[in-house]
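In: With the sequence up front, the predicted model follows.
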Amino acid sequence: MNKKIVLAGGTGFVGKYLEKKFTETGYKVIIISRQPLHIEWSNQDEIIEALEGAELLINLAGKSVNCRYNQTNKDEIMNSRVQTTEQLGEAILKCKTPPPLWINSSTATIYRHAEDHAQTESTGEIGKGFSVSVATAWEKTFFSFKLPQTRQAALRIAIVLGKDGGVIGPYTNLVKWGLGGKQGSGDQRFSWLHIEDLYQIILFIQKNPMYHGVFNCSSPNPVINSELMQTFRKLMKPVFGLPAPKWMLKMGAAMIGTETELILKSRWVVPEKLLGLGFEFKYPQLEDALEEILDKKK
């Protein structure tokens, strides 16, 4: 019988990458999704059956935050995370042989806007505002379940960089169009993670049965926004790179239906716990990560 992993919300950028990687190593990957051809969230019996005997549950479910924060979208962002997490916890409780590990997404946005010092699992300060309220409710729901046979780990994931989705497309387009300068003051921190390192973090936690709780999932080397854009320009070599002041970003965000928080919030997050446990990043430096993603290796 094939080894089995369940990916909840596994049809997005990160989910597709994890599905490919686990499939290549011999796992049967079962996906729970609102997309067709997968187990539907409305079918709790099938969810329980999928979880029965699985080695690992990874929950990535949640509406994209790349939208305007009107009340309808706020409700959907919150409910799509809290309700799915609640549903998975209830399903695990009904399993005779539940998965020994449940990894649930969280977000590095849970920490405050920080330009003064790094936010770690032990010393980080929880922020305020809508995005933080989503993150805290998400984690509270996740850790409210007491599961004697299932270890739980919440991944506070920074902005994930990879070839086939996420923020790379928007950033490379800005650089191509000559708008690859700093955004806002340029001093805001950009915490990031190569998608391969996210996969390796999951394996690292899976292989070590003592590891549980909250993990910051970010490169140990965050950069400021001006460094981020400078690295893109260095690798892509545009003719010029104009900066985007805050007022322009606000106007542009409204036009394309998103929020400036995604660019202007200073996320200064360091993976203290992973480093302390001896995890080694394949892509600790931004330039190396972008070289691989943009196929610019020397």
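Out: Sure, I can see it. As the structure is a computational prediction, the values presented were derived from the model and not from experiment.

In: Wait, a helix at residue 103?
Out: No - secondary structure assignment (DSSP: H, G, I helix; E, B strand; the rest coil) places residue 103 in strand, not in a helix.

In: Counting neighbours, what do you get for it?
Out: Using other Cβ atoms under 10 Å, the number of residues around residue 103 comes to 21. Where you see a C-beta, it was placed from the backbone N, CA and C, and this is true even at glycine.

In: 35 is where my numbering starts, stick with that
Out: From this message on, residue numbering opens at 35, which makes the last subject residue 137.

In: Show me what it is bridged to.
Out: residue 92, residue 187 (DSSP bridges).

In: So it is in contact with residue 89, correct?
Out: No - the pair residue 137 and residue 89 fails to qualify as a contact (Cβ atoms under 8 Å) at a distance of 11.4 Å.

In: who touches the helix or strand of the chain with the lowest mean pLDDT?
Out: Within the chain, no helix or strand scores below helix 280-290, which has a mean of 78 by mean pLDDT, DSSP states H and E. Helix 280-290 is contacted from outside by 102, 217, 218, 219, 278, 293, 294, 297, 298, using Cβ atoms under 8 Å, 6 or more residues apart in numbering.

In: so how far is residue 185 from the second one?
Out: If I follow you right, that is residue 217. Per Cβ to Cβ, to the nearest Å, residue 217 is found 39 Å from residue 185.

In: Then the last one?
Out: Taking Cβ to Cβ as the measure, residue 298 falls 36 Å from residue 185.

In: quick one: low-confidence parts of the stretch 35-184 of the chain?
Out: For the stretch 35-184 of the chain, the stretches with pLDDT under 70 are 35-36.

In: can you give me the helices in it?
Out: Using DSSP state H, counting those that start in this stretch, the helices of the stretch 35-184 of the chain run over 47-58, 78-85, 105-127, 164-177.

In: What angle do helix 164-177 and the third one make with each other?
Out: Right, helix 105-127. 10 degrees (axes from the mean of the first three to the mean of the last three Cα atoms, to 10 degrees).

In: ditto for the second one
Out: Angle between the axes of helix 78-85 and helix 164-177 is 70 degrees (criterion: the same axes, to 10 degrees).

In: in helix 78-85, what counts as buried?
Out: Neighbour counts over helix 78-85 (16 or more other Cβ atoms under 10 Å) mark 80, 81, 82, 84, 85 as buried.

In: Tell me the one among the residues you listed nearest to residue 166.
Out: Closest approach to residue 166 among the buried residues of helix 78-85 (Cβ to Cβ): residue 81, at 29.0 Å.

In: Pretty sure the closest one sits against residue 72.
Out: No - the criterion here is Cβ under 8 Å, and residue 81 misses it with residue 72 at 10.9 Å.

In: Quick check: neighbours shared by the two?
Out: Joint contacts of residue 81 and residue 72 (Cβ under 8 Å, 6+ apart) are residue 66.

In: ok, for residue 179, nearest residue in space, not its chain neighbours?
Out: residue 123 (3.9 Å; Cβ to Cβ, 6 or more residues apart in numbering).

In: Return the distance of the one you found relative to residue 182.
Out: Taken as Cβ to Cβ, the span from residue 123 to residue 182 is 13 Å.

In: Please say which of those two ends up with more neighbours.
Out: Set residue 123 next to residue 182 and count neighbours by other Cβ under 10 Å: residue 123 wins out with 22 against 5.

In: contacting residues around the more buried one?
Out: 175, 176, 178, 179, 181.

In: which of those residues tops the neighbour count?
Out: Neighbour-wise, the contacts of residue 123 (other Cβ under 10 Å) top out at residue 176, 24 neighbours.

In: quick one, what contacts that residue?
Out: 119, 123, 138, 140, 186, 188.

In: From the chain's centroid, how far away is stretch 63-71?
Out: 19 Å (Cα atoms, centre = their mean, to the nearest Å).

In: buried residues in it?
Out: Those would be 63, 64, 65, 66, 67, for stretch 63-71 by 16+ other Cβ under 10 Å.

In: and what of stretch 143-161?
Out: 143, 144, 145, 146, 147, 148, 152, 153, 154, 155, 158, 161.

In: Same question for stretch 297-307.
Out: Buried residues in stretch 297-307 (16+ other Cβ under 10 Å): 297, 298, 299, 300, 301, 302, 303, 304, 305, 306, 307.
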